[in-house]
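A.B. asks: coords please:
(chains A, B, C and D)
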Number of protein chains: 2
Amino acid sequence: MGRELSSGVRCVDYKSVSVQTISRLPKYLNYLKALPKGEVTNISATGIAEALGLNDVQVRKDLSLVSDGGRPKVGYAIEDLIYDIEEFLGSDASHTAGRVGAGNVGRALLSYSGFAEYGLDILAAFDVDLALVGREINGKPIFPMEKLSEVCAQRQVKIGIITVPNYEAQHVCDLLVQSGVQAIWNFAPVHLTVPADVLMQSENMACSFALLSKHLSEKLKPARLSK
Amino acid sequence: MGRELSSGVRCVDYKSVSVQTISRLPKYLNYLKALPKGEVTNISATGIAEALGLNDVQVRKDLSLVSDGGRPKVGYAIEDLIYDIEEFLGSDASHTAGRVGAGNVGRALLSYSGFAEYGLDILAAFDVDLALVGREINGKPIFPMEKLSEVCAQRQVKIGIITVPNYEAQHVCDLLVQSGVQAIWNFAPVHLTVPADVLMQSENMACSFALLSKHLSEKLKPARLSK
DNA sequence: TATATATCGATATTCTTTTATCGATATATA
DNA sequence: TATATATCGATAAAAGAATATCGATATATA
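C.D. replies: You can find the predicted model right below:
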């Protein structure tokens, strides 16, 4: 974790927290928040692990990266732990985002509760459909596509969210990159090309389903005999 | 890969293909399908790797699990490779599914193109909203919740897709399990509890966003000085 | 106060995944 | 036909992640 520089100053890599750990943190958060408030104010890593079907050492290790509130025999104070995880996940100054495409996927995203806790602030949406332009969704204005560059540049939008049909996706992506966006969150099921310095994260429902489907097949016929 | 049984018969584990590999296959498929049809009929693992920003050995290894069409100096026949990947991903008899919740997320899922290729056949939707009941979305009927058990049992629905608000999710999940569903695909951002023999896969947009956000922060300030 | 126990944090081990290396082979070119 | 090269598949090495083990410590109980 971190590495020693010649100056003797320690350089903490953000990377030191693994992708897997970061992905599990929101799950802990969900679980902790759903816990009944009342008499019980503490929880152990073992307890979380059991409830979520994970290994207790793994949970403890994950939590040790974001909190130092764990005490032997006592566990973690639930309130404090929630605070620590949120602090860790949202600490990096909130990222302003612009969303392109106001169709079903775009709206679904907005209806997803609690993005703000993670530091996501969707400023505005853009769409080619003039019937939608001028209206608001969840209090966010919908602009015409022509406004994209202007708004993104002016408001220093860092994340571009793409929820348009496949055939438009690369074009929209290029527009966003030109407008200074530094990360793309892509929901169109196509591979998009960006310059090396732009971050790209694609959500692909087909990937998720492929996993589920394969696991289900495994379950239904756990072993196949060959040769 | 596989293990030797006392009988001398080889038992091929489905598990032998890793989660990561299964998740990458749909990406290869996307990429291959987007390739211009014409003169060039072949592609190398190196080429795919370069285009998708992956390691060429990894791509070759992934592909070797689903295809044996790779030839030195030539690569893979694009058409055949597409066929092989689809065959692998969708081969396990198509899984019939029922979807609960006909809101934005539910509709977004349907609008996602090409699930059929992966063996997903969504039979019907269920919703408590009586205004929706009786209507159709993308040709799929919407039934009232009371019909859930009946329809699931009758049509042997294996996968239940949950796209309802958090507070209903566990209840709906229990209903699905009671109705004989063997796998749950959950889009509500809460942890759901199921019997050990039921598969559960949760999509959590917050997890995805947490990842993107952390990566972006890394990028914006690649190193932080401490001590 | 002494002892037992739940739980933590750290270290060690095992397992999985990724990446590197190398010999084999199909095609192209001299 | 001989040689060069792109590419494959297999094996080996390295990196990374999950799990197991163990000593330390805070609380509860005898």
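
A.B. asks: only C-alpha atoms from now on, for both contacts and neighbour counts.
C.D. replies: OK.

A.B. asks: specify the local secondary structure of A:H191.
C.D. replies: In three-state terms, and counting by DSSP: H, G, I helix; E, B strand; the rest coil, A:H191 is coil.

A.B. asks: how about it: what's its closest non-neighbour residue?
C.D. replies: In space, A:H191 comes closest to B:Y31 once its chain neighbours are excluded; the distance is 6.2 Å by Cα to Cα, 6 or more residues apart in numbering or on different chains.

A.B. asks: distance of that neighbour relative to B:I48?
C.D. replies: Summarising the geometry, the distance separating B:Y31 from B:I48, computed by Cα to Cα, to the nearest Å, is 8 Å.

A.B. asks: just A:E87 next, same as before
C.D. replies: Summarising the geometry, the distance separating A:E87 from B:I48, computed by Cα to Cα, is 39 Å.

A.B. asks: again, but for A:V190
C.D. replies: In terms of Cα to Cα, A:V190 sits 14 Å off from B:I48.

A.B. asks: same question, A:L132
C.D. replies: For A:L132, the distance to B:I48 equals 38 Å [Cα to Cα].

A.B. asks: next one: A:L52
C.D. replies: Relative to B:I48, A:L52 is positioned 37 Å away (criterion: Cα to Cα).

A.B. asks: same check, this time on A:L199
C.D. replies: For A:L199, the distance to B:I48 under the criterion Cα to Cα works out to 19 Å.

A.B. asks: repeat that for A:T46.
C.D. replies: Using Cα to Cα, we find A:T46 at a distance of 43 Å from B:I48.

A.B. asks: show me what the lengthiest strand in chain A is packed up against.
C.D. replies: Scanning chain A for the strand with the most residues, using DSSP state E, yields strand A:120-127. Contact analysis of strand A:120-127 by 3 or more Cα pairs under 8 Å, 6 or more residues apart in numbering or on different chains; DSSP states H and E lists strand A:95-100, strand A:140-144 as its packing neighbours.

A.B. asks: can you tell me which of these comes nearest to DNA strand C?
C.D. replies: With Cα to the nearest atom of the strand, the closest approach to DNA strand C among the helices and strands packed on strand A:120-127 belongs to strand A:95-100: 27.7 Å.

A.B. asks: so how far is the following helix or strand past the closest one off the chain centroid?
C.D. replies: Toward the C-terminal end, the helix or strand that comes next after strand A:95-100 (DSSP states H and E) is helix A:104-111. The gap between the average C-alpha position of helix A:104-111 and the chain average comes to 15 Å, counting by Cα atoms, centre = their mean, to the nearest Å.

A.B. asks: is helix A:104-111 up against chain B anywhere?
C.D. replies: Yes. Helix A:104-111 comes into contact with chain B when judged by Cα under 8 Å from any Cα of the partner chain, the residues involved being A:N104, A:V105, A:R107, A:A108, A:L109, A:S111.

A.B. asks: will you turn those residues into TSV that also has distance to DNA strand D and pLDDT?
C.D. replies: Putting those into TSV (distance: Cα to the nearest atom of the strand, whole Å; pLDDT from 0 to 100) gives the following:
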residue	distance to DNA strand D	pLDDT
A:N104	32	85
A:V105	29	86
A:R107	32	83
A:A108	29	83
A:L109	26	82
A:S111	29	70
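
A.B. asks: between those, which has the most around it?
C.D. replies: If you count neighbours using other Cα atoms under 10 Å in any protein chain shown, the busiest of the residues of helix A:104-111 next to chain B is A:V105, which has 24 neighbours.
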